[in-house]
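> Next comes the sequence, and after it the predicted model I'd like to discuss.
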There are 2 protein chains.
Amino acid sequence: MSSRSHPAVHPLDIEFPQLTEGAAADNGGLPDDRVRMKDIQGMPGTPANLALRLFQFAFAAISVAVMAATSDFPSVTAFRYLVAALSLQCLWSLSLAMIDIYALLVKRCLTNPRIVALFTIGDGITSTLTFAAACASAGITVLIGNDFNNCSQNHCTRFETSTAMAFVCWFAVSPSFFLNFWYLASR
Amino acid sequence: MSSRSHPAVHPLDIEFPQLTEGAAADNGGLPDDRVRMKDIQGMPGTPANLALRLFQFAFAAISVAVMAATSDFPSVTAFRYLVAALSLQCLWSLSLAMIDIYALLVKRCLTNPRIVALFTIGDGITSTLTFAAACASAGITVLIGNDFNNCSQNHCTRFETSTAMAFVCWFAVSPSFFLNFWYLASR
């Protein structure tokens, strides 16, 4: 991994501190990934991606916390599944946020195709699980609230809040997935 | 649309019936979309894509039919939503199957970026709706069957069949979406 990811401060940059994009284009016609990829905000290793990861982590954590705070969530399979899927999303987003912080601190690019492919597959799996959990919970919540009119005996507001947070979390994961997928296809 | 999609039988082909791919590559170095894109099975206008569309249509239709055959589906919001979402999927897949049949009959390519972008957005929306409906129905079905143990009074088998068909339909829509998305990103 370390042999594949290039340090952003290359020996060449020290020798030629005024290296511009035009000069980089003249280096024998080779594509300069370091210059090109740094411009795409939202790719792994950029501040925009770190913000997106922290956003995902925060909403997944809120969703799990609100659902786990209700006393009767283990009686419904879909709610137990929501807690499991959003916990996984939480861990995944936190791990990638850590990697982003590391990449930003040591000024390394994470735009190696293999790393991006790994992130894309992970994002695809976790976002599908999160969306499935959110939809299943939404189905149950609507069933309890609208079809049974049984909100007096259940924590409808908490279930709804947790479901809404899960949907917001899914909305935050989707851009990561599609950006990485687009990068993989367009390289 | 007609000015953008190229007829596969070009006047050049009539003058030179033995035009091979090698000869096409010699035409001034211009990329020959007709030759290149015809090779990617699964893109709009190919037999593989037509098969995928008919597969989607069939499973969406079975899912709607099985769900609509139960007497008590309108009492649950998620099941009503499943019928609506899968009906939309049915119409979308049937329309695109018709377009594919037309494209195959008149031997036209449908690999214009604008048309593919339209198909990608449509596939993205319908597949998301289908997956959401399948997940919500799965949540309700598991609630009735496992959590309430109330299958004697409900049509559990029919609900499960309909949900399973909706998931199969989503599995069939995903390749269409990802192939088109990949084509848009890589061109």
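Here it is on my side, so go on. Small disclaimer: the values here were computed from a predicted structure and weren't measured.
> At the contact with chain B, which residues of chain A appear?
Neighbours of chain B within chain A, by Cβ under 8 Å from any Cβ of the partner chain: A:75-78, A:128, A:131-133, A:135-140, A:142-143, A:146-147, A:181-182, A:185-186. Heads up, the C-betas are built off the backbone N, CA and C, glycines and all.
> give me that answer again for 10 Å
When proximity is defined by Cβ under 10 Å from any Cβ of the partner chain, chain A lies next to chain B at A:75-82, A:124, A:128, A:131-148, A:174, A:178, A:181-187.
> I only care about those that end up buried; give me the PyMOL line for that.
Buried residues within those, by 16 or more other Cβ atoms under 10 Å in any protein chain shown, are selected in PyMOL with:
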select buried, chain A and resi 76+77+78+79+81+82+124+128+131+132+133+134+135+136+137+138+139+140+141+142+143+144+145+174+178+181+182+183+184+185
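> Can you tell me which of the residues of chain A next to chain B end up in helices?
The helices, defined by DSSP state H, take in A:77-82, A:124, A:128, A:131-142, A:174, A:178, A:181-186 from the residues of chain A next to chain B.
> what does the model give residue A:155 for pLDDT?
At residue A:155, the pLDDT value in this model is 86.
> So which residues of chain A form helices?
Using DSSP H, the helices of chain A run over A:11-15, A:21-25, A:33-38, A:47-69, A:77-105, A:113-142, A:156-186.
> Nearest to residue B:154 among the ones you listed would be which one?
Minimum separation from residue B:154 across the helices of chain A (Cβ to Cβ) falls at helix A:113-142, 15.0 Å.
> For chain A, give me the ranges with low pLDDT.
A:1-39 (pLDDT under 70).
> what's the burial count for the nearest residue to residue A:87 once chain neighbours are set aside?
Nearest residue to residue A:87 in three dimensions, chain neighbours excluded: residue A:64, at 5.6 Å (Cβ to Cβ, 6 or more residues apart in numbering or on different chains). Residues within reach of residue A:64, counting by other Cβ atoms under 10 Å in any protein chain shown, total 22.
> can you check residue A:169 too?
Neighbourhood size, residue A:169 [other Cβ under 10 Å]: 31.
> Contacts only, for it.
By Cβ atoms under 10 Å, 6 or more residues apart in numbering or on different chains, the residues touching residue A:169 are A:55-64, A:85-86, A:89-90, A:93, A:126-127, A:130-131, A:133-134.
> With residue A:180 instead?
A:42-44, A:49, A:111, A:115-124.
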